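> Build me a model from this:
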Amino acid sequence: MKLYDYPDCPFAQKVRVVLAEKELEYETVFVDLRTGEHRQNAEFLKLNPYGKVPVLIDEEVVVYDSTIINEYLEDEYPHPNLMPADSANRARVRTLEDYCDNSFLPSAGFVQAELSKPVEEQDAERLARYRNELQRGLKRLEAFLAGKEYLAGEFSLADVAFVPALLILPRLGVEVDPALRGVTAWINRLKQRPSVQNLER
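Model (predicted):
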């Protein structure tokens, strides 16, 4: 098994968490996003015409897009289970992952991009807007977590999706409101998992 990867890519991090949870061995192929290798390497573009990481090769199977990769891994290597058995909760996991990929993670990315600029070039209004988006997202997650340890009850692909953004919240200048007790406990619980601790090294 090979994973075409860039260490700081949150979508590649999602896949690495699942590979670790399932204790699967794989070889990492570094794709340098900083130099634009993902858009210039013809061999890589054959694997993923969109020129994005991650890409997983499992024997003859080539899969791209972190969500599709993780569902493939769940289908092919179902232990431990990272998707609920019932269709309602499976839909819940997919809905939460979609929200993360299309709203929560991009908001974190916008803040990170702004903070990477020299201080005098940073857009304070843009920073405030996306930090507020993240705070709103955390409040939304508090409601989902009511009475549960994880978003779908048991640890699932929904929780995995949020890990990359949650780990960098302090660097983004986003503090978790202490009133969000469910979210605070959830983040602490996630950080105790070996698969997540591997990302922090």
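> residue ranges of the strands in the protein, please?
Secondary structure of the chain by DSSP state E: the strands cover 2-5, 27-30, 55-58, 61-64.
> Could you dump the ones you listed into TSV with mean neighbour count and mean pLDDT added?
For glycine as for every other residue, the C-beta is placed from the backbone atoms N, C-alpha and C. Output for the strands of the chain, formatted as TSV (neighbours: other C-beta atoms under 10 Å; pLDDT from 0 to 100):
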stretch	mean neighbour count	mean pLDDT
strand 2-5	20	93
strand 27-30	12	91
strand 55-58	21	94
strand 61-64	16	94
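> what sits against Asp5?
Contact analysis of Asp5 by C-beta atoms under 8 Å, 6 or more residues apart in numbering lists Ala12, Val15, Arg16, Thr28, Val29, Phe30, Val31, Val53, Pro54.
> Now distance to Tyr77 too, for the strands of the chain, in a markdown table please.
Conversion of these to a markdown table gives the following (distance: least, C-beta to C-beta, whole Å):
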| stretch | distance to Tyr77 |
| --- | --- |
| strand 2-5 | 14 |
| strand 27-30 | 16 |
| strand 55-58 | 9 |
| strand 61-64 | 12 |
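> Of those, which is nearest Glu175?
strand 2-5 (30.2 Å; C-beta to C-beta).
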